[in-house]
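In: sequence unknown, structure follows:
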Ligand SMILES: O=P(O)(O)OC[C@H]1O[C@H](O)[C@H](O)[C@@H](O)[C@@H]1O
């Protein structure tokens, strides 16, 4: 079935275009004028605009063709960071995904009234050599009438042989001067500091503010975290569901990075 066959009814607000590298991108729109753009390269959300057309995601101007672009929302799978034998953040972000025209139904009514697209990644022979596990990774990207963006991931074990994995939505939010930004919801949590050989510390202060480079993984993070940008008078509320922390690895974590030159 061709891609256009996937564009029916609830997906009427979907457009398929190609980037400068001829890789397909899916554009989701809502009636208020907000939009999200998803590349089949990596299943990466490369743009998310509010109804005023303002871009909400950061994209590096140093992005390199056919490499995982620094920016938007990288899908890290089956490994996060370098905690494993695979390339940094796993191979999924460097693969070409397909549009899934017939995804298995989701149990919740999460998608009602939203514009959405389903993407699918299956391993090829090369992937199976370095990570010998049969899986199907389904990603649904949804844009609500409020302009909210949601991502739902489903990983299916195809042959029933057990495997473990980690995954992350590596999200680059666009903010003003970092000194104007505050993060709420991580107070008193433990974190691993990537700038100190992943040493474990406990967050002491109130809301988190930034004075210099930061690269930390906060453990056991709550379901709601807020990123407040005073200069832009904008708050991002990050909400997660379905990743309960069982008190031992794998953790539900939040990785905060503030780099100088990106
Ligand atoms: O540059 P990438 O491979 O996309 O990784 C981007 C970032 O991933 C994680 O957040 C690491 O903690 C950071 O140190 C790294 O900068």
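Out: On my side now, so go ahead. All values reported here derive from a predicted model rather than from experimental measurement.
In: point to the helix or strand of the protein where mean pLDDT is at its lowest.
Out: Of all helical and strand segments in the chain, the minimum by mean pLDDT, DSSP states H and E falls on strand 254-258, at a mean of 75.
In: and that strand, what does it pack onto?
Out: Packed against strand 254-258 by the contact rule (3 or more Cβ pairs under 8 Å, 6 or more residues apart in numbering; DSSP states H and E) you find strand 214-218. C-betas here are computed from N, CA, C, even on glycine.
In: who does the strand it packs on pair up with?
Out: Here strand 214-218 is paired, per DSSP bridges, with strand 190-193 (antiparallel), strand 254-258 (antiparallel).
In: the helix or strand just after the first one close to the ligand?
Out: Pointing back at strand 190-193 there. Downstream of strand 190-193, the first helix or strand assigned by DSSP states H and E is strand 199-202. No. Strand 199-202 does not reach the ligand (Cβ under 6 Å from any ligand atom); its nearest approach is 13.8 Å.
In: strand 199-202 pairs with which strands, parallel or anti?
Out: Applying DSSP bridges, strand 199-202 is found paired with strand 190-193 (antiparallel).
In: the stretch 1-150 of the chain against the ligand: which residues are in contact?
Out: Within the stretch 1-150 of the chain, the positions near the ligand by Cβ under 6 Å from any ligand atom are 68, 70, 81, 88-89.
In: now the residue of the stretch 1-150 of the chain found nearest the ligand: which helix or strand?
Out: Ranking the residues of the stretch 1-150 of the chain by distance to the ligand (Cβ to the nearest ligand atom) places residue 88 first, at 4.3 Å. When elements are assigned from DSSP H and E, residue 88 belongs to no helix and no strand.
In: pretty sure it is touching residue 70, no?
Out: No. With contact defined as Cβ atoms under 8 Å, residue 88 does not reach residue 70; the gap is 11.6 Å.
In: higher neighbour count, those two?
Out: residue 70 (17 against 13; other Cβ atoms under 10 Å).
In: how about residue 83: what's its closest non-neighbour residue?
Out: Distances taken as Cβ to Cβ, 6 or more residues apart in numbering put residue 166 closest to residue 83, at 7.2 Å, once the chain neighbours are dropped.
In: does stretch 205-218 reach the ligand?
Out: Yes. Using Cβ under 6 Å from any ligand atom, we find that stretch 205-218 touches the ligand at residue 215.
In: in that stretch, what counts as buried?
Out: Under the neighbour-count criterion of 16 or more other Cβ atoms under 10 Å, stretch 205-218 has 208, 210, 214, 216-218 buried.
In: same check on stretch 73-85?
Out: For stretch 73-85, using 16+ other Cβ under 10 Å, the buried residues are 73-81, 84.
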